[in-house]
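Asker: please find the sequence and the predicted model below.
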Amino acid sequence: MEKPLSKNELLKTAKPDLSGTIRETLANAEADRFSGDDEQFIKFHGIYQQDDRDKRKTGKEYSVMVRTRQTGGIVPAAQYLVYDELARRFANGTLRITSRQTFQFHGVLQKGVGPLIKSINEALSTTLATCGDVNRNVTAPTPPPTDAVTRAIEEDAFAVTTALLPTATSYHSIWVDGVQLDLGLGEVVRRAKADQANPYAPPPAEDDGSGAPKDALYGKTYLPRKFKTGFALPPNNDTDIFTNDLGFVAIAKDGALVGYNLLAGGGLGSSHGNKQTFPRLADVIGFLPRARVAEVAKAVIAIHRDWGDRTDRKHARLKYVLEEKGVAWFRERLAERLGAPLAPAQPFAFVGQGDPFGWFRQADGVSYLGLFVETGRVKDAGDYRLMTALREIARRFAPTFRLTASQNLILSDIRDADKAAVEQVLREHGAASVFAPGLVRGRGMACPALPTCGLSLAESERVFPRLLALIEEGQDAAGVGGEELVVRMTGCPNGCARPYSAEVGIIGKAPGKYNVLLGGNREGTRLARNWRESVPFDEIPVLLSGLLARYARERSAGQGFGDWTDATRDIWETAAA
C-alpha cells in the first residue's frame, strides 16, 4: 500500500500557481497575518510567518520575515540603499545577512509586506523562491573577481540561478503587478534600476491544456523539499560546499576555469530524537566542463523532483536519496538524463574556510575591504552605528556590497583615494570592531532563533557574543588565545548556521539547554559528532575550557582543535549516544 502524500504535496497539487488566498488576505485591511494554508504558500514567495515569542504571554504579535535573492551575495550600492530604506520603513530597522549570502528583513507587519516586496523587485532583485520547495539562493565565493577564473565562476553562478528559477506565475501578479507603489523612493529605485532588466525575472510558464500553468523544470508540484546550490574555489571552502544539495567545485588549469567537480547529497537539517534524520556531507560525483553547468544542475534537480520522498517532509531532502540508493545509482540516473556519464572527478583540496578581514587588492587596481558583522546583523545600537555608516559609504563611494556565507560583508571596488575616508566613516560610527574580530568571533556564526523563529527551542543570536567571549577567555587561560576556532550555534536542529560542520557546534535542545558537537574541521570536510546532550548554557564554556586546556598540552604541531577532539578517543567515552 502506497503511503499518502504529505499535506504540503496536496497543497501544491491543488494550487500549482502557489497563490493560495494571498491576494484576499492582502486586500483585507483588518488582517494582521497570513493564516492556514497560506503559511505554506507564502514560503515560495520568500516569506515566513512569525510572531514575537517574547510577547506571547500577553498575546501573539504577528509579523513576517522576507528574504531577498542575491546570487553570490552581490548587492550593488544603489540596491543596498533601497534595502536600507525599506528596513527602516517596513522592518525592525535592521538587515540580517544570512548564511546563504542573502538579506533578511525581520519584523515586517502585514501592511508593509506588499510595498516591501514590490520595492525589492523594482530595485532589480526578487524574493521568489528564496524559501519553499525549490532551489534557493545560489552561493559563490565572496571575494570580488581577481582573474579570469573568479570572473567565470561568478558568471556561472548567475547562469545556474537563471536555469533553476521557477515560474510561479502568481508571484508577479500578486507582488509586482498587484501592488501600487508610492513610497517616495523614486530616485533611489531609479538609481538601482539604471535602465537594466531584473536578472531574476522568471521564465514563462508552460500550459498543458488543463488551464493550470506548469513549470518546465519543476512541474506542478515543484520539489519534495528545499534545495540548496553553491560554488566553491579551492583552496578556500568559504561556502561550505559539502553542505549543499548540489555543489560545483571549480577546477582551474593554467589560469583558466576548465570545469567543475560535481557534488550532490549534502544537507544538515535533522530532528531531535528521530534517527531517520541526520546531517550529511555531499558525495563527489564526477567532473563536467564549464559549458554544461546549467544542464547538469537541471538534471540533478530533476532527479530530486522524481525520486525525493513526497510522503514524509522530514525525509524529503536529496541527501536521503543518495544515502539510501547510493552514489553508483545516482551516477547512472544522471548519465541517463545527460546522455553519457560524467568524467571522473579531478583532484582538489581545501585548506580552510573563512572570510578575509581588512584591505586587499583587486586585479583591476582597486581594493576591497572585508568587514566583520556580528551574527550577521546590520544595525545601529547605542554608539555602534554600522547601519548608518554603511548607508553613508554607499552614498559617497558606491562600492559593491558582497555578503559572505559566514554572515560577514565585503565592500569591493573602492579606489585607493577613498580607502582612508571609508575607514574613517566606520570608526566615527563606533564600528571599529569590524576590522579585526579575531579568529573565534570572525569564524563564528549563529542563527536568529528567539524571539522571531517559530522553530527555535533555545536562544542563539542573542547569547552567541557572550558565549564566544567566554570561549576566548578559556583559550587565553589555556595559552592558546587568538587561535582559530570555528564555533557555530543554532536554536534548533535544522542547522541554519551549519553547526554540524563546525569544530564546535551548539544546538538548542530546550530552553537554556543545548547539545554540544565536536570534531568537525576547519576545512568543512568532516561532520561534527554529538558529544554532550542538554547542557545548560552556562556549563558550555566551562566544559570547553577544560578541553582547551588539554588541547594546549596534548596537540601535535599545527593540529586544529577539531582535529584533536576527533582523534582523542577518551573524550568520547561518555559522549551522548
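Answerer: Thanks, I have it.

Asker: quick check: closest non-adjacent residue to residue 128.
Answerer: Among residues not flanking residue 128 along the chain, residue 171 sits closest, at 4.8 Å (C-beta to C-beta, 6 or more residues apart in numbering). C-betas here are computed from N, CA, C, even on glycine.

Asker: next, the contact list for that neighbour, please.
Answerer: Residue 171 makes contact with 18, 44-45, 126, 128, 202, according to C-beta atoms under 8 Å, 6 or more residues apart in numbering.

Asker: so for those residues, which is the shakiest by pLDDT?
Answerer: When these are sorted by pLDDT, the bottom entry is residue 202 at 73.

Asker: now the lengthiest helix in the chain: average pLDDT?
Answerer: Ranked by residue count under DSSP state H, the longest helix found in the chain is helix 148-164. Per-residue pLDDT values over helix 148-164 give a mean of 96.

Asker: what about residue 475, distance to residue 202?
Answerer: Distance, residue 475 to residue 202, using C-beta to C-beta, to the nearest Å: 48 Å.

Asker: and the nearest residue to residue 127 once chain neighbours are set aside, how many residues sit next to it?
Answerer: Of all residues beyond its chain neighbours, the one nearest residue 127 is residue 46 (2.8 Å), with distances taken as C-beta to C-beta, 6+ apart. With neighbours defined by other C-beta atoms under 10 Å, the count for residue 46 comes to 28.

Asker: give the contact list for residue 46.
Answerer: 66-69, 117, 126-131.

Asker: repeat that for residue 102.
Answerer: Residue 102 neighbours (C-beta under 8 Å, 6+ apart): 67-70, 73, 130, 137, 403.

Asker: neighbour-wise, which of residue 475 and residue 202 wins?
Answerer: residue 475 (24 against 18).

Asker: could you look up the SS state of residue 144?
Answerer: Residue 144 carries the three-state label coil when classified by DSSP: H, G, I helix; E, B strand; the rest coil.

Asker: got a pLDDT number for it?
Answerer: pLDDT, residue 144: 91.

Asker: residues near it, how many?
Answerer: For residue 144, the count of nearby residues is 23 (other C-beta under 10 Å).

Asker: so it makes contact with residue 401?
Answerer: No - judged on C-beta atoms under 8 Å, residue 144 makes no contact with residue 401 at a distance of 10.9 Å.

Asker: circling back: now do the residue nearest to residue 127 against residue 68, distance only.
Answerer: Taking C-beta to C-beta, one finds residue 46 at 7 Å from residue 68.

Asker: need the overlap of contacts for the two.
Answerer: 126-127, 130.

Asker: which one of the residues you listed sits closest to residue 445?
Answerer: Ranked by distance to residue 445 (C-beta to C-beta), the shared contacts of residue 46 and residue 68 are led by residue 130 at 18.9 Å.

Asker: who touches that closest one in this structure?
Answerer: 46, 67-69, 102, 136-137.

Asker: quick check: the two most widely separated of those residues?
Answerer: Longest span within the contacts of residue 130, C-beta to C-beta: 68 and 136, 11.3 Å.

Asker: so which of these two has more stuff around it?
Answerer: Using other C-beta under 10 Å, the more surrounded residue of residue 68 and residue 136 is residue 68, with 26 against 22.

Asker: per-residue confidence at that one?
Answerer: What the model reports for residue 68 is a pLDDT of 98.

Asker: which residues in the stretch 101-250 of the chain form helices?
Answerer: For the stretch 101-250 of the chain, the helices defined by DSSP state H, counting those that start in this stretch occupy 110-122, 148-164, 170-171, 186-193.

Asker: indicate which one of these is closest to residue 314.
Answerer: helix 148-164 (23.6 Å).

Asker: that closest one packs against which elements?
Answerer: Where contact means 3 or more C-beta pairs under 8 Å, 6 or more residues apart in numbering; DSSP states H and E, helix 148-164 is packed against strand 229-232, strand 246-253, strand 256-264, helix 293-307.

Asker: in which helix or strand does residue 284 reside?
Answerer: strand 283-289 (DSSP states H and E).

Asker: any idea how far that strand is from the chain center?
Answerer: Mean C-alpha position of strand 283-289 versus that of the full chain (C-alpha atoms, centre = their mean, to the nearest Å) differs by 23 Å.

Asker: also stretch 514-524?
Answerer: Per C-alpha atoms, centre = their mean, the centroid offset for stretch 514-524 relative to its chain is 18 Å.

Asker: how about stretch 141-154?
Answerer: Relative to its parent chain, stretch 141-154 has a centroid offset of 19 Å by C-alpha atoms, centre = their mean.

Asker: for it, which positions count as buried?
Answerer: Of all the residues in stretch 141-154, those buried under the rule 16 or more other C-beta atoms under 10 Å are 141-145, 149-150, 152-154.

Asker: reformat the residues you listed as a markdown table; add distance to residue 94.
Answerer: Converted to a markdown table, those look like this (distance: C-beta to C-beta, whole Å):
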| residue | distance to residue 94 |
| --- | --- |
| 141 | 26 |
| 142 | 21 |
| 143 | 25 |
| 144 | 25 |
| 145 | 29 |
| 149 | 35 |
| 150 | 30 |
| 152 | 35 |
| 153 | 30 |
| 154 | 28 |
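
Asker: which one of these is nearest residue 61?
Answerer: Of these, the one sitting nearest to residue 61 (C-beta to C-beta) turns out to be residue 142, at 35.4 Å.

Asker: any idea how far that closest one is from residue 562?
Answerer: Residue 142 sits 22 Å away from residue 562 when distances are taken as C-beta to C-beta.

Asker: quick one: contacts for residue 571?
Answerer: Counting by C-beta under 8 Å, 6+ apart, residue 571 has contacts 518, 531, 547, 550, 565.

Asker: can you say which helix or strand has the third one in it?
Answerer: Counting by DSSP H and E, the element that carries residue 547 is helix 540-554.

Asker: with just CA atoms, put that helix into PDB.
Answerer: Only the C-alpha atoms of helix 540-554 are listed here, as PDB (Å, rounded to 0.1, in the frame of the first residue of the first chain):
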ATOM      1  CA  ILE A 540      29.200  25.000  27.900                       C
ATOM      2  CA  PRO A 541      32.200  27.400  28.300                       C
ATOM      3  CA  VAL A 542      33.300  25.500  31.400                       C
ATOM      4  CA  LEU A 543      33.300  22.200  29.500                       C
ATOM      5  CA  LEU A 544      35.100  23.700  26.600                       C
ATOM      6  CA  SER A 545      37.700  25.400  28.800                       C
ATOM      7  CA  GLY A 546      38.700  22.000  30.200                       C
ATOM      8  CA  LEU A 547      39.100  20.600  26.700                       C
ATOM      9  CA  LEU A 548      41.100  23.600  25.600                       C
ATOM     10  CA  ALA A 549      43.500  23.100  28.400                       C
ATOM     11  CA  ARG A 550      44.000  19.500  27.400                       C
ATOM     12  CA  TYR A 551      44.300  20.500  23.700                       C
ATOM     13  CA  ALA A 552      47.100  23.000  24.600                       C
ATOM     14  CA  ARG A 553      49.100  20.300  26.300                       C
ATOM     15  CA  GLU A 554      48.400  17.300  24.000                       C
END
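
Asker: name the residues that touch it?
Answerer: By C-beta under 8 Å, 6+ apart, helix 540-554 touches 467, 470-471, 473-475, 477-480, 504, 506, 514, 516, 518, 532, 535, 561, 564-565, 568, 571.

Asker: let's go with 6 Å and repeat that
Answerer: Under the criterion C-beta atoms under 6 Å, 6 or more residues apart in numbering, residues 470-471, 474-475, 478-480, 561, 564 lie in contact with helix 540-554.

Asker: of these, which is the most crowded?
Answerer: The most crowded member of the contacts of helix 540-554, judged by other C-beta under 10 Å, is residue 561 (27 neighbours).

Asker: so what's that residue up against?
Answerer: Listed by C-beta under 6 Å, 6+ apart, the contact partners of residue 561 are 485, 503, 551.

Asker: try it again with 8 Å
Answerer: 483, 485, 503-504, 547-548, 551, 555.

Asker: now render those residues as TSV, adding neighbour count and pLDDT.
Answerer: Putting those into TSV (neighbours: other C-beta atoms under 10 Å; pLDDT from 0 to 100) gives the following:
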residue	neighbour count	pLDDT
483	16	96
485	27	98
503	25	98
504	27	98
547	20	98
548	25	98
551	24	98
555	16	97
